[in-house]
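Colleague: Please find the sequence and the predicted model below.
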Amino acid sequence: DVKVTQSSRYLVKRTGEKVFLECVQDMDHENMFWYRQDPGLGLRLIYFSYDVKMKEKGDIPEGYSVSREKKERFSLILESASTNQTSMYLCASSLQGANEKLFFGSGTQLSVL
Amino acid sequence: AQSVTQLGSHVSVSEGALVLLRCNYSSSVPPYLFWYVQYPNQGLQLLLKYTTGATLVKGINGFEAEFKKSETSFHLTKPSAHMSDAAEYFCAVILPYSGGGADGLTFGKGTHLIIQP
């Protein structure tokens, strides 16, 4: 079965730290996405990638960057973590784009103290 | 631009009762519509989607949704609720010609479904 794996379920970091969130998919999908999920706000797109080394900004890219060196791996980077980046982060992938079925990882709950 | 509104952040129903989760959209053209479900401590998974054709769409776990263009709605229903249906449900919309870019997919804020025994 299809699998999207996020490296950590829970993460606690300090303000100012550089944080890496890793996501790996085993479906040979072209497209990968990073969302953050906050209560009452739903899902908001941070960045997405439609090919290796390609990236596009989503709705809320400020304070984040991404890396896609290999097709199966998409990393989200918080250059200098801040408390307002405390959130649930969800990675997803799809074969042809967001108008097709998205496959989601289980999420990483990040707390920035 | 498109948008989606889910009515009710929390919906509570008794086990065995009808489940109705409401979703209304705003779009310049008939969009593609999705319902995703998120069980506790899990990522989202697709319940069903509407693209074109038959307006009544059947999904997994006994859920279905009907696309009503005149009402700009895509409500999710299930005839008889089960305890295992307790989860967060998200409606999402994308324009057909967006090319699949993720910047075109808009999620609602979610509805938490509570099942009373």
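Modeller: Looks like it came in fine. Values in this document were obtained by computation on a predicted structure and should not be read as measured data.
Colleague: who touches the nearest residue to residue B:71 once chain neighbours are set aside in this structure?
Modeller: Take residue B:71 and drop its neighbours on the chain: the residue closest to it by C-beta to C-beta, 6 or more residues apart in numbering or on different chains is residue B:24, 7.6 Å away. (Each C-beta comes from the backbone N, C-alpha and C, glycine too.) Applying C-beta atoms under 8 Å, 6 or more residues apart in numbering or on different chains, we find residue B:24 in contact with B:4-5, B:7, B:71-74.
Colleague: and if we set it to 10 Å?
Modeller: Residues counted as contacts of residue B:24 (C-beta atoms under 10 Å, 6 or more residues apart in numbering or on different chains) are B:3-7, B:68, B:71-75, B:91, B:93, B:108.
Colleague: Helix or strand: which one has the residue nearest to the spatial centre of chain B?
Modeller: Most central in chain B under C-alpha atoms, centre = their mean is residue B:35, positioned 3.2 Å from the mean C-alpha point. Element membership for residue B:35 (DSSP states H and E) is strand B:32-38.
Colleague: hmm, the helix or strand that that strand is followed by in reach of chain A?
Modeller: Downstream of strand B:32-38, the next assigned helix or strand under DSSP H and E is strand B:44-50. Yes: against chain A, strand B:44-50 shows contacts by C-beta under 10 Å from any C-beta of the partner chain at B:44-46, B:49.
Colleague: which one of those residues has the most neighbours?
Modeller: residue B:44 (29 neighbours; other C-beta atoms under 10 Å in any protein chain shown).
Colleague: partners of that one in the sheet?
Modeller: Beta-bridge partners recorded for residue B:44 (DSSP bridges): residue B:38.
Colleague: confidence score at the nearest residue to residue A:57 once chain neighbours are set aside?
Modeller: Nearest non-adjacent residue to residue A:57, counting by C-beta to C-beta, 6+ apart: residue A:47, 6.2 Å away. Note for residue A:47: predicted pLDDT of 93.
Colleague: And for residue A:95?
Modeller: pLDDT for residue A:95: 84.
Colleague: contacting residues for the residue lying closest to it once chain neighbours are set aside?
Modeller: In space, and not counting its chain neighbours, residue A:95 is closest to residue A:29: 5.3 Å by C-beta to C-beta, 6+ apart. By C-beta under 10 Å, 6+ apart, the contact set of residue A:29 is A:2, A:4, A:50, A:71-72, A:74, A:92-97, A:100, A:102-103.
Colleague: Distance of residue A:29 relative to chain B?
Modeller: Distance, residue A:29 to chain B, using C-beta to the nearest C-beta, to the nearest Å: 12 Å.
Colleague: Surely that residue forms part of a helix?
Modeller: No: Residue A:29: not assigned to a helix; according to DSSP: H, G, I helix; E, B strand; the rest coil it is coil.
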